[in-house]
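Student: return a 3D structure for these sequence lines:
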Amino acid sequence: MRLFSFLAFIAYAITNHQLFSIRVIAAESLTFVMWLALFIDLITARGFQEIITNTIPLFIVIPFGIFLVRSVLNEVQQKEKLMELNLKLNENTVELNTQLAEIERMNKYMVDRELKMVELKRENEELKGELSGR
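Tutor: Okay, here's the model as predicted:
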């Protein structure tokens, strides 16, 4: 029962909180299996020449495995960072659209006010003309 509870908790943590990336786990597993297979070949080697021929691939695969895991981990981190930046960009876009709508509203108000001022000046000039014409 404890094992089931533990596994359920781990499954919940992985799926809901994204504690582990499937890509990273797959890369680590692949690397570990390759290292283990090459190491077992090295241990079971019978002669000196076979030990040398099994050691060379192991020493070649180790750095490539490390590079593979690091690059996949870096890719996952970059993807998460990109998602965060995209979310932030969307939030900023919404905020900027709100500010733009406010600026457009203020601009319309000011233009209407200026048009009203021009109309009032014209009426004022007409009234001055009527008064001076009397």
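Student: can you tell me the SS state at R46?
Tutor: Counting by DSSP: H, G, I helix; E, B strand; the rest coil, the backbone at R46 sits in coil.
Student: next up, phi/psi of it, please.
Tutor: Main-chain torsions, R46, degrees, to the nearest 10: phi -100, psi -30.
Student: show me where this structure has helices.
Tutor: 2-17, 22-43, 48-133 (DSSP state H).
Student: tell me which of those is the most buried.
Tutor: Highest mean neighbour count among the helices of the chain (mean count of other C-beta atoms under 10 Å): helix 22-43, with a mean of 14. Glycine gets a C-beta too; all of them are placed from N, C-alpha and C.
Student: does anything pack onto that one? Which helices or strands?
Tutor: helix 48-133 (3 or more C-beta pairs under 8 Å, 6 or more residues apart in numbering; DSSP states H and E).
Student: the helix it packs on - contacts with which helices or strands?
Tutor: helix 22-43.
Student: pLDDT averaged over the helix it packs on - what is it?
Tutor: The average pLDDT within helix 22-43 is 87.
Student: swap in stretch 81-99?
Tutor: Computed over stretch 81-99, the average pLDDT equals 96.
Student: and stretch 116-127, by the same measure?
Tutor: 93.
Student: distance check, A26 against W35.
Tutor: To W35, A26 is 15 Å away according to C-beta to C-beta, to the nearest Å.
Student: this completes my enquiry, with thanks.
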